[in-house]
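Colleague: I would like the atomic coordinates for the input below:
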Amino acid sequence: MATTTDLGPTTTTQTTAQGRKPWRFSGKARKLVLLVHIVSAGIWIGVDVIVAVLVCVGWFSSDTQTQATAYQALGLVAVWPMLVSGMVCLVSGIMLGLGSKYGLVRYKWVAVKLVLNVALVVLVFFALRPDMAETVEYGRALGAGTPNDTDISGMFFPPAVSLTALSFAMYLSIFKPWGRTRRR
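Modeller: Residues are numbered from 1 along each chain as shown. Model prediction:
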C-alpha cells in the first residue's frame, strides 16, 4: 500500500477491471472532507429552520411590522446561504463518494442522498430564488402600510420539503439501509 501524504490520497494494491489502481483518501483527509460535509449539512438545516421560523412569524404574528420584518429577512437568509451550504454539501459528498469505499452509486443510500442533494440545490436556485423577490417586496409594502396582493402562501413548502429531505438524508447516513446497487 502506498501513501502520498497525510492529507493526500492513498492507493491500494487492488486493481480495477481496467487494470488501474483505485485511489482513496487517507484517514485524515477523509475525516476532513467528512467534517466539511457534516458542517455544511448542519448549516443547511439551520438555515432551513430559520426560514421556517420566519415564515411562521410572518403568518401567525398579529403585528404588521413584525410580519414585514420577517418577510424582508427571508430575502437575506433564504436563498444564498441555503445555496452555498447546499453546494458545499454536494461537492464534499461527491468527494467522499469518489474517495471512499462507498462510491457515488455503489450503494443505494449514497445514490439517494446524491439525488436529494442535487434536487434540493436545483429547487433552491430555480424555485425559491425567483419567488423571494416578491416575498421581500410584499414585506416592504406591508411595512409601509400598503400591502399588495402578492400570494405568499407557497412559502410554507420550501422549508417543509427541504427539512424533510435533509432529515431523510441524515437517516440514510446513519443507518445506511438497503444495500449495494446492481453491478454490471
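Colleague: top helix in this structure by residue count?
Modeller: Counting residues, the longest helix in the chain under DSSP state H turns out to be helix 27-60.
Colleague: What strand or helix carries V105?
Modeller: Under the criterion DSSP states H and E, no helix or strand holds V105.
Colleague: Would you mind confirming that it is in contact with L114?
Modeller: Yes - here V105 reaches L114: they are 7.5 Å apart, a contact under Cβ atoms under 8 Å. For the C-beta atoms, the positions are set from N, CA and C on the backbone; glycine is no exception.
Colleague: residue ranges of the helices in this protein, please?
Modeller: 27-60, 64-77, 80-99, 108-123, 129-144, 157-175.
Colleague: CA atoms only: put the fourth one into PDB for me.
Modeller: Okay, so that is helix 108-123. In PDB, the C-alpha atoms belonging to helix 108-123 read as follows (Å, rounded to 0.1, in the frame of the first residue of the first chain):
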ATOM      1  CA  LYS A 108     -28.400   2.800  -2.900                       C
ATOM      2  CA  TRP A 109     -28.400   5.000   0.200                       C
ATOM      3  CA  VAL A 110     -25.500   7.100  -1.200                       C
ATOM      4  CA  ALA A 111     -27.200   7.400  -4.600                       C
ATOM      5  CA  VAL A 112     -30.400   8.500  -3.000                       C
ATOM      6  CA  LYS A 113     -28.500  11.100  -0.900                       C
ATOM      7  CA  LEU A 114     -26.800  12.400  -4.100                       C
ATOM      8  CA  VAL A 115     -30.200  12.700  -5.900                       C
ATOM      9  CA  LEU A 116     -31.700  14.500  -2.900                       C
ATOM     10  CA  ASN A 117     -28.900  17.000  -2.700                       C
ATOM     11  CA  VAL A 118     -28.900  17.800  -6.400                       C
ATOM     12  CA  ALA A 119     -32.700  18.100  -6.300                       C
ATOM     13  CA  LEU A 120     -32.700  20.500  -3.300                       C
ATOM     14  CA  VAL A 121     -29.900  22.700  -4.700                       C
ATOM     15  CA  VAL A 122     -31.800  22.900  -8.100                       C
ATOM     16  CA  LEU A 123     -35.100  23.700  -6.200                       C
END
